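Engineer: Coordinates for the following, if possible.
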Amino acid sequence: MRAALLPVVFIVLMAPVAATAHGLDHTIAGDRAVVVTLTYDDGAPFSFETCEVTPPAADAPSQVGRTDRRGRVVFLADRPGDWRVRVVAQDGHGADLTVPIGADLLPSQDHAAGPTRPVKLVTGVSVLFGIFGVVALLMSRRKP
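Structural biologist: The predicted structure is shown next:
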């Protein structure tokens, strides 16, 4: 009797059984992603800093991670609306951006950060000349 069961036990033990406990399936596909690139004023990338992406009308982020070495945050929008991208560095630098996503699930327009460093410099110098010009004008009127 035992000898008759031995081949059955052997077949049962050798039968392929799906081992899903450690399985990991994957799919590789090209898709249109939203790419937010962050750099410091001098052009250095905002690399490996903490970031989170929150969909419109959601309280919790749908993606949490770090920027890549080029300072990019990449995500796939699954609904239109204003997406929030928060990036924070350990030294306190950071940004809290709103990325409007259109019906085609892409940014509704290209966004660029504020003025560049040379434009900021020229603006600052112009403001200083303006202030000194007003002060000089006021002081010249006081003289009899």
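Engineer: The residue nearest the centre of the chain: what secondary structure?
Structural biologist: Ranked by distance to the mean C-alpha position of the chain (CA atoms, centre = their mean), the top residue is residue 73 at 3.1 Å. Classification of residue 73 using DSSP: H, G, I helix; E, B strand; the rest coil returns strand.
Engineer: Number the chain from 44, please
Structural biologist: In the new numbering, first residue 44, that becomes residue 116.
Engineer: Look up the residues forming beta bridges with it.
Structural biologist: Here residue 116 sits in beta bridges with residue 79, going by DSSP bridges.
Engineer: Now do the contacts for it.
Structural biologist: 78, 79, 81, 94, 96, 110, 128, 130 (CB atoms under 8 Å, 6 or more residues apart in numbering). C-beta: built from backbone N, CA, C; applies to glycine.
Engineer: list the helices and strands the helix ranked longest in the chain packs on?
Structural biologist: As assigned by DSSP state H, the longest helix anywhere in the chain is helix 160-185. Other helices and strands packing on helix 160-185, by 3 or more CB pairs under 8 Å, 6 or more residues apart in numbering; DSSP states H and E, are absent; none qualifies.
Engineer: what about it, average pLDDT?
Structural biologist: Taken as a whole, helix 160-185 has a mean pLDDT of 86.
Engineer: and that helix, how far out from the chain's middle?
Structural biologist: 38 Å (CA atoms, centre = their mean, to the nearest Å).
Engineer: Can you mark which positions in it are buried?
Structural biologist: Within helix 160-185, no residue counts as buried by 16 or more other CB atoms under 10 Å.
Engineer: Where in this protein is the helix or strand with the lowest mean pLDDT?
Structural biologist: Between all helices and strands in the chain, the lowest mean by mean pLDDT, DSSP states H and E belongs to helix 45-57, at a mean of 75.
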